[in-house]
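K.L.:
structure here, sequence nowhere to be found:
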């Protein structure tokens, strides 16, 4: 029996000026299937999603919904056609409360509440202003809002990115059941684990062209990666490579960074650890356990209430990020818009930290700047076709720019906060390699990641934070995913109890300030 | 209760400030009574409408520099139309002038949406255009207003069942203001259109993705602003009996009151009540300073200082009240 596709897009193309974002993309989704849309960053996934949901217009191609040609001109029209997206950035209006947000989109309240409970948030206050709700919960609310109107096709863009494990699990379960109940889901993700657990088929995009549609079956990952990249990439364990070509650095008398008894409001308690030269130390924590504050304190953007930070053995107090930068400590935030001047060029963005360094007023030495910048660009293989404005680069390339600027500025310590969030496999590999190379050059890296599998690829050592305390530190050899997961939930090493799925997902401060 | 304070704390604080100022006024001038209050409200009336016009646009994430010029144009139009005309003719003039404000405001919005020129540039341009148009209608202050219209802002409103001394504190101008503002604002606030205005001001992309017709909502916000500006122009004509083609100091006053009234200049936050109370606060401060016989040049310096101080104090309170580590 041949079932007719619920959604059928063919020959879709879109140009931004001279840059072709999509050249010939197609996507066909059957009723009741969970369909993965995959592709490296810049392959055109987001553009295709925007076209399907009416956020932008395509230059060519057509979209059939239930066999009929539909011209989806706006998000509102897409909703009417039964197509509902949940984007990476939640579409809830920050200044309105949840209830008003529902009224704005005409979403029925009761089904919404039911879905919210289903998704693992038992006590939501719908009069709460969206701005005061943690990001992870907002994303779940956005999903619940979409589910409540029972769309025919649900489009999930990196739905589980930045979700703590317990929420992600619930979300995946609900998505799976959507497929079973005859609705279709288009699922965009970089996580193979999720895709193989969830999806029936996958459409793979490369350079704006659909290069293949595959059934998800065991062992299909290699094939998909091959399609996405157009060439085989070796999936070598970084740990193995590290053993081979790195000799352990001579132990210095002082660690590069020594943190002792760091204290910050209700967020950090008595945090102590060392970061040695030539080391990549991983930080693992669930959402909102104080890791944001730890990185901000080390980067000099907030002042800790107590404790000491010593750089190369000398205690130091940061009262401004420029103090940290002067001490050679650079912060790479997870949110790229926090780090980059989006309207400026790649060159300016990379040159900013060293050209605008404090006490270096006066003319910029253009030739030197150009040299440093181009060597950084070459080193990170940044795609500079759209280098006039950073905002026109793909996410992966933007992330590379944020790291490149600190390499150009020759920072000795780099604080990477979830640098691979929402980035394609190829770029991820490049970033892992880069971090290892930096360590090989004697620089030190503190690396927070929300994806546990990255730990063994990159880190030498893992620091686990739970409830604002360092609960465990272990060498990378022991840091497999189950062990990290247990530790991240604050369970002692070696404990065998099940990890509670319904663990409290809200950060401590929210529960405290609630009336 | 906590949430009420968080959402309405600013308005409550402003109200307390206003009451404090009334007390101060009584201390400076023990004879300050209902009559003086009545003239305060009459003086506030055009300012209040100007502020309402600005507030709507600012909540939608924009700014309207043409408010005062729009008031001048509508004011002279009304005054010249009623000049020498019969009393009944005013029944036509009022809706005509209001419609004119609505259309001109919508035109502002349309220009912003279609040309994609920034709002501050478009409304600056319309400021000049409307200023010129006002001078074409009347090249010098003149015209007239219908007697029954003038009567709507003079005197007090007798409320049945209440003693006279309370009536004395309810000037007609205040009733007019409250009715005009809330007949327009309250239903809007509760409608999807009102939500949309907040939504596009708060986060345009999220609003777009939620299916809000962003362009249409923006045009509507400017049209509403035009309507309020026309009400302001009418109130000018009514309370002075003539129309003046040169715009009064309403533009900067409106921005000042919007800021003081707890509306975020970035959009999405605040309401109409705060700015209206703020306008009373600003006028009352001026009255007090006049009563104290302070040099008028010093007066404006003090007004500016008060504005910065209040906004700073408010921001300070907000930061202190926020849970540690929460995103701003």
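P.N.:
Perfect, thanks for sending it. Every value quoted in this text rests on a predicted model; they were computed, and no experiment measured them.
K.L.:
packing partners for the helix or strand residue A:485 falls within?
P.N.:
In the assignment (DSSP states H and E), residue A:485 maps to helix A:481-488. Using 3 or more C-beta pairs under 8 Å, 6 or more residues apart in numbering or on different chains; DSSP states H and E, the elements in contact with helix A:481-488 are strand A:280-284, strand A:461-466, strand A:469-475. Yep, even glycine has a C-beta here, placed from its N, CA and C like the rest.
K.L.:
so what touches it?
P.N.:
For helix A:481-488, the surrounding residues in contact (C-beta atoms under 8 Å, 6 or more residues apart in numbering or on different chains) are A:165, A:284-286, A:452-453, A:455, A:462, A:464, A:466, A:471-472, A:474, A:493, A:495, A:499.
K.L.:
closest to residue A:338 out of those?
P.N.:
residue A:285 (19.1 Å; C-beta to C-beta).
K.L.:
looking at the helices and strands packed on helix A:481-488, which is nearest to chain B?
P.N.:
Each of the helices and strands packed on helix A:481-488 has some distance to chain B by C-beta to the nearest C-beta; the shortest is strand A:461-466, at 14.2 Å.
K.L.:
show me which positions of the helix holding residue A:485 end up buried.
P.N.:
A:483, A:484, A:486, A:487, A:488 (16 or more other C-beta atoms under 10 Å in any protein chain shown).
K.L.:
how about the helices of the stretch 1-150 of chain A, start to end?
P.N.:
Counting by DSSP state H, counting those that start in this stretch, residue ranges of the helices within the stretch 1-150 of chain A are A:45-52, A:75-80, A:98-105, A:109-118, A:135-148.
K.L.:
got JSON lines for those, with mean pLDDT and distance to chain B too?
P.N.:
Below are those laid out as JSON lines (pLDDT from 0 to 100; distance: least, C-beta to the nearest C-beta, whole Å):
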{"stretch": "helix A:45-52", "mean pLDDT": "87", "distance to chain B": "10"}
{"stretch": "helix A:75-80", "mean pLDDT": "87", "distance to chain B": "4"}
{"stretch": "helix A:98-105", "mean pLDDT": "91", "distance to chain B": "5"}
{"stretch": "helix A:109-118", "mean pLDDT": "91", "distance to chain B": "14"}
{"stretch": "helix A:135-148", "mean pLDDT": "90", "distance to chain B": "8"}
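K.L.:
any chance of these in CSV with distance to residue B:282 as columns?
P.N.:
Output for the helices of the stretch 1-150 of chain A, formatted as CSV (distance: least, C-beta to C-beta, whole Å):
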stretch, distance to residue B:282
helix A:45-52, 46
helix A:75-80, 41
helix A:98-105, 30
helix A:109-118, 41
helix A:135-148, 38
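K.L.:
neighbours around residue A:461, how many?
P.N.:
For residue A:461, the tally of surrounding residues (other C-beta atoms under 10 Å in any protein chain shown) stands at 18.
K.L.:
hmm, I typed the wrong one, I wanted residue A:440.
P.N.:
Residue A:440: 14 neighbours (other C-beta under 10 Å).
K.L.:
how near is it to chain B?
P.N.:
35 Å (C-beta to the nearest C-beta, to the nearest Å).
K.L.:
again, but for residue A:346
P.N.:
Distance of residue A:346 to chain B, computed by C-beta to the nearest C-beta: 24 Å.
K.L.:
if I look at that residue, how far off is residue A:379?
P.N.:
Taking C-beta to C-beta, to the nearest Å as the measure, residue A:346 falls 13 Å from residue A:379.
K.L.:
around chain B, pick out the residues from chain A.
P.N.:
Residues of chain A lying close to chain B (C-beta under 8 Å from any C-beta of the partner chain) are A:53, A:55, A:74-76, A:79, A:85, A:87, A:89-96, A:100-101, A:103-106, A:127, A:129, A:131-132, A:265-267, A:292-293, A:507, A:509-510, A:512-513, A:515.
K.L.:
tell me the buried residues within those residues.
P.N.:
Judged by 16+ other C-beta under 10 Å, buried ones among those: A:53, A:55, A:74-76, A:79, A:85, A:87, A:89-96, A:100-101, A:103-105, A:129, A:131-132, A:265-267, A:292-293, A:507, A:509-510.
K.L.:
quick one: the helix or strand hosting residue B:205 near chain A?
P.N.:
Take DSSP H and E as the rule and residue B:205 turns out to sit in helix B:204-209. Yes - Helix B:204-209 reaches chain A (C-beta under 8 Å from any C-beta) through B:205, B:206, B:207, B:208, B:209.
K.L.:
center of chain B - which residue?
P.N.:
residue B:51 (2.1 Å; C-alpha atoms, centre = their mean).
K.L.:
neighbours of the closest residue to chain B within the stretch 301-450 of chain A, how many?
P.N.:
Here the stretch 301-450 of chain A gets closest to chain B at one residue, residue A:302, 8.6 Å apart by C-beta to the nearest C-beta. For residue A:302, the neighbour count with other C-beta under 10 Å is 20.
K.L.:
helix, strand or coil for it?
P.N.:
Three-state assignment for residue A:302 (DSSP: H, G, I helix; E, B strand; the rest coil): coil.
K.L.:
surely it meets residue A:293?
P.N.:
Yes - assessed by C-beta atoms under 8 Å, residue A:302 is found in contact with residue A:293 at 6.7 Å.
K.L.:
now do the shared contacts for the two.
P.N.:
Common neighbours of residue A:302 and residue A:293, using C-beta under 8 Å, 6+ apart, are residue A:264.
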